[in-house]
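take this sequence and fold it.
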Amino acid sequence: MRLVLLGAPGAGKGTQAVFLKERHNLAHISTGDIFRQNLKDKTPLGLEAKKYMDEGKLVPDEIVMKMVGEKLAGFKPDEGFMLDGFPRTVAQAEFLEGQTKIDGVILFDVPDDAIVKRLSSRAVCKECGNVTNIHEHDKCPSCGGELYRRDDDKEETIRQRLKVYHEQTEELADFYRARNLLLEIDATGMPEEVFSRVVETLKND
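Numbers count the residues shown, from 1 in each chain. As a prediction, the model looks like this:
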C-alpha cells in the first residue's frame, strides 16, 4: 500500500502515521527528514537547497522533486510507504504520478478553530523534547524538565500557517478527488478514534 497523507499543521498526521506504520508495516517518508538527511550528508541537492534556505527563500519544486524521486527509487515494487509533506502542489502531484502508483490520499480534516486551540496549548520539554499540554502541566510529565512554547504555536502564526495550507491544499484535494483517490477523514477526537475511522475507510476503499 502506498499512501499520501494530507492535513493542516496540528491535524495529527504524525500520530496517525505511527499507527499506520505499525498496522500496515509502511515506511514513513517525511520531506522534512529527507531535507535534513540531504543537508547532513551534504549531497549536491542538499547543498543546492541550502543556498535558498540560507537566503530565506522557498526551495524550488524541482529540487524537492529530485530529492523525493531519489528516495522513492530506493523502494522495491512490493514495499509500501506513506508520504508526509509531499506533494504540496499540483506540479509535485503530477511528478509523483510519474514515479509511482498511489493507492490513496488521506486528508485529515480538522476545523481551524480546533487546530488553533490544539496548537496554542502545546508545550515542549527543553530536556527530552516531549510534547504536552501547557494547561495541564507546568513541568514535563516525562522527565520533570522545563517546558517552553514554540514561536510558531502562537495564535496569529498558526492562523497564517493555516491560510497558506488551505491555499495550497484546496487545489491538491481537487486533483486527487478527480482521480477518485481522496479519502477524507474526520480527524477530531482522540487519536485512537481517528485511526479507527482511517482503518474503516481503507477497508471500504
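
going forward, measure contacts between C-alpha atoms and count neighbours the same way
Fine.

can you pull the pLDDT of the residue of the chain most remote from its centre?
For the chain, the largest distance from the centre (C-alpha atoms, centre = their mean) belongs to Gly144, which lies 28.8 Å off. pLDDT, Gly144: 90.

how much space between it and Cys125?
8 Å (C-alpha to C-alpha, to the nearest Å).

quick revisit: could you look up the SS state of the residue farthest from the centre of the chain?
coil (DSSP: H, G, I helix; E, B strand; the rest coil).

now Val68: how far from Gly85?
As for Val68, its distance to Gly85 is 11 Å (criterion: C-alpha to C-alpha).

and the strands in the protein, which stretches?
Under the criterion DSSP state E, the chain contains strands at 2-7, 27-30, 81-84, 104-109, 122-125, 131-133, 147-148, 182-186.

turn those strands into a markdown table, columns for mean neighbour count, mean pLDDT and distance to Glu94.
Output for the strands of the chain, formatted as a markdown table (neighbours: other C-alpha atoms under 10 Å; pLDDT from 0 to 100; distance: least, C-alpha to C-alpha, whole Å):
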| stretch | mean neighbour count | mean pLDDT | distance to Glu94 |
| --- | --- | --- | --- |
| strand 2-7 | 21 | 95 | 13 |
| strand 27-30 | 18 | 91 | 18 |
| strand 81-84 | 22 | 94 | 14 |
| strand 104-109 | 20 | 96 | 14 |
| strand 122-125 | 21 | 87 | 35 |
| strand 131-133 | 18 | 85 | 35 |
| strand 147-148 | 20 | 88 | 40 |
| strand 182-186 | 18 | 96 | 15 |
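
make JSON lines from these and add distance to Glu55 to it.
As requested, these are exported to JSON lines (distance: least, C-alpha to C-alpha, whole Å):
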{"stretch": "strand 2-7", "distance to Glu55": "28"}
{"stretch": "strand 27-30", "distance to Glu55": "23"}
{"stretch": "strand 81-84", "distance to Glu55": "25"}
{"stretch": "strand 104-109", "distance to Glu55": "32"}
{"stretch": "strand 122-125", "distance to Glu55": "28"}
{"stretch": "strand 131-133", "distance to Glu55": "30"}
{"stretch": "strand 147-148", "distance to Glu55": "28"}
{"stretch": "strand 182-186", "distance to Glu55": "36"}
